[in-house]
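[1] the following comprises the amino acid sequence and a computationally predicted model.
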Amino acid sequence: MTKSILLILAGAAFAFVSCQKKASDTADVAQTDSTAAPVETQKANSDYKPAFPGQTRIGGVKSATAYEGKVLTSDLKNPWGITTLPDGRLIITEKAGTMRIATTAGVLSAPITGIPAVNSEGQGGLLGIRVDPDFEKNRMVYWVFSETRPDGNLTSVAKGKLSADEKKIEGATVIYRATPAFASNLHYGGRILFDKNADLVISTGERSDTITRPQAQHLNSSLGKVIRITKDGKPVAGNPFEGKAGAKPELYSYGHRNVQGLAFHPVTGDLWEVEFGPRGGDELNRIEAGKNYGWPTITYGIEYSGKKIGDSIQVKEGMEQPVYYWDPVVSPSGITFYSSDSIPEWKNNLFIGGLSSMHIARLVIENNKVIGEERLLSGEGQRFRDITEGKDGALYAVTDQGRLYRVYKK
């Protein structure tokens, strides 16, 4: 065994390295010294300042546990959503409108039929997916998709029963449509979760156009929102805007741009989300009922043209600050909290699929603040679209290029 080398970083951060140390011998202790250099080294797009220390470019961390990212298959076609089945297999959506079941060895089923037509142009298609908490009894599947209607396109939610032979969805029914429709193929949002009460939490986008962008602030619109509905598509009793004149009762939070990541914290039960900023200003938010998350009034991003957005402000009374933001963007898509004991230092960390950044971001979060950031699989050259934790304690991620990865302890 080679000698261990003691490195002194910035006079404070220490790392103990042994190049031949076995994975089973590595310490399962998170390296979370925020004095380490941030993982982001590129120049920011704007000169905006964070509202509080640690809101962006937190110190980098490095997993002490040896892990591996293995490609299980490269035969998916533009996968978008992934979730686990009770038996440990995975069910995956493909953007053009198909679902596939994958084993944890990467064996893919034939495309599942019986799914309503999707509009797969632009950022649309068959999007997020979850199975009913009682799937073993009712075999129900729920998904989000972009749907063409007479007055435009919109984000829709559907459900159906997976047949016993797993070849088709039976009785597919659209249970919710995020109105108004608009003639755009951008910013559909599209994630879906079940909460602890077996109600559905859905994310939408504000459809990108400057005409629809202000609707993220309007309570009579479903655009740019986090939405909470029952399995029949009805507003959940007790939603924050229930009974409020001029407000949609299904709304849970508002002021969002394009939410493509939703996850519940495994300990606190809090709902977290990530959303795309424009040029800079990707956000991580902890969602609270009825709160306004600011878009497009406040933002840490600028227009793609380089111009300022609105009044070019980042803080305003009555609007929530992101827990964390990125500039330049990572283009955050699907997210999951890690709850397994397989890699203890990852426990309760948040993992984020990065599209333009082409890596999986690992965020160490304590007391609702990010205290460390790491980039995983950054050498793979893949746009990571969604990620989930498997029944076996591994992470499973899909990429726009068609890969399914298993990320696990060596």
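    Good, I have the coordinates.

[2] okay, Pro111 and Phe351: tell me how far apart.
    Pro111 sits 28 Å away from Phe351 when distances are taken as CB to CB, to the nearest Å. Just so you know, the C-beta spots here come from the backbone N, C-alpha and C atoms, and that holds for glycine as well.

[3] when the two are compared, which one has more neighbours?
    In this view Pro111 and Phe351 are compared by other CB atoms under 10 Å, and Phe351 has more residues nearby, 25 against 15.

[4] phi, psi for the more buried one please.
    When read as degrees, to the nearest 10, the backbone of Phe351 gives phi -120, psi 130.

[5] any idea how far it is from Tyr142?
    22 Å.

[6] in its sheet, what does the host helix or strand of Gly160 sit against?
    Using DSSP states H and E, Gly160 sits in strand 152-162. Strand pairing for strand 152-162, using DSSP bridges, gives strand 140-149 (antiparallel), strand 169-182 (antiparallel).

[7] can you give me the buried ones in the helix or strand following the last one?
    What that stands for is strand 169-182. Remark: after strand 169-182, the chain's next helix or strand is strand 192-194, criterion DSSP H and E. For strand 192-194, burial by neighbour count (16 or more other CB atoms under 10 Å) applies to Ile192, Leu193, Phe194.

[8] in the stretch 1-150 of the chain, where is pLDDT below threshold?
    Applying pLDDT under 70 to the stretch 1-150 of the chain picks out residues 1-35.

[9] just the strands in it please.
    Assigned by DSSP state E, counting those that start in this stretch, the stretch 1-150 of the chain shows strands spanning 5-9, 13-17, 67-73, 79-84, 90-94, 98-102, 126-131, 140-149.

[10] pull the residues that contact the fifth one.
    If I follow you right, that is strand 90-94. 76-85, 99-104, 111, 125-129, 131, 141, 143, 388, 390, 396, 398, 404 (CB atoms under 8 Å, 6 or more residues apart in numbering).

[11] can we see that at 6 Å?
    Strand 90-94 is contacted by residues 77-85, 99-102, 126, 129, 396 when judged by CB atoms under 6 Å, 6 or more residues apart in numbering.

[12] now do the last one
    Counting contacts by CB under 6 Å, 6+ apart, the residues outside strand 140-149 that touch it are 118-119, 124, 126-132, 153-154, 156-159, 161-162, 181, 188, 190, 192.

[13] same question for stretch 273-284.
    For stretch 273-284, contacts defined as CB under 6 Å, 6+ apart pick out 45-46, 256-259, 261-262, 285, 287, 299-304, 322-327, 329-330, 332, 335, 352.

[14] what is the burial count for Thr98?
    So Thr98, with other CB under 10 Å, has 20 neighbours.

[15] ok, what's across the strand from it?
    Taking DSSP bridges as the rule, Thr98 bridges to Glu94.

[16] circling back to that earlier point, okay if I get the strands of the stretch 1-150 of the chain as JSON lines plus distance to Ile202?
    Below are the strands of the stretch 1-150 of the chain laid out as JSON lines (distance: least, CB to CB, whole Å):
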{"stretch": "strand 5-9", "distance to Ile202": "43"}
{"stretch": "strand 13-17", "distance to Ile202": "41"}
{"stretch": "strand 67-73", "distance to Ile202": "29"}
{"stretch": "strand 79-84", "distance to Ile202": "12"}
{"stretch": "strand 90-94", "distance to Ile202": "15"}
{"stretch": "strand 98-102", "distance to Ile202": "18"}
{"stretch": "strand 126-131", "distance to Ile202": "8"}
{"stretch": "strand 140-149", "distance to Ile202": "6"}
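
[17] looking at these, which is nearest to Leu271?
    strand 126-131 (14.3 Å; CB to CB).

[18] and the most centrally placed residue in the chain, what does it touch?
    When CA atoms, centre = their mean is applied to the chain, the residue found nearest the centroid is Gly261 (2.0 Å). Gly261 is in contact with Glu273, Val274, Pro332, Gly334, Ile335, counting by CB under 6 Å, 6+ apart.

[19] part of a strand, is the last one?
    If I follow you right, that is Ile335. Yes - assignment of Ile335 by DSSP: H, G, I helix; E, B strand; the rest coil places it within a strand.

[20] sec struct for the residue nearest to it when sequence neighbours are not counted, please.
    Among residues not flanking Ile335 along the chain, Gly261 sits closest, at 3.6 Å (CB to CB, 6 or more residues apart in numbering). Three-state assignment for Gly261 (three-state DSSP): strand.

[21] who is Gly261 paired with across the strands?
    Beta-bridge pairing of Gly261 under DSSP bridges involves Val274.

[22] what's near enough to touch Leu377?
    Residues in contact with Leu377 (CB under 6 Å, 6+ apart) are Gly69, His359, Ile360.

[23] relative to Arg228, which of the residues you listed is nearest.
    Ile360 (27.8 Å).

[24] ok, the nearest residue to that closest one once chain neighbours are set aside to Gly59 distance?
    Once flanking residues are discounted, Ile360 sits nearest to Leu376: 4.3 Å by CB to CB, 6+ apart. To Gly59, Leu376 is 17 Å away according to CB to CB.

[25] cool, and Thr336?
    The gap separating Thr336 from Gly59 is 23 Å, by CB to CB.

[26] how far off centre is stretch 120-128?
    Distance of stretch 120-128 from its chain centroid, counting by CA atoms, centre = their mean, to the nearest Å, is 15 Å.
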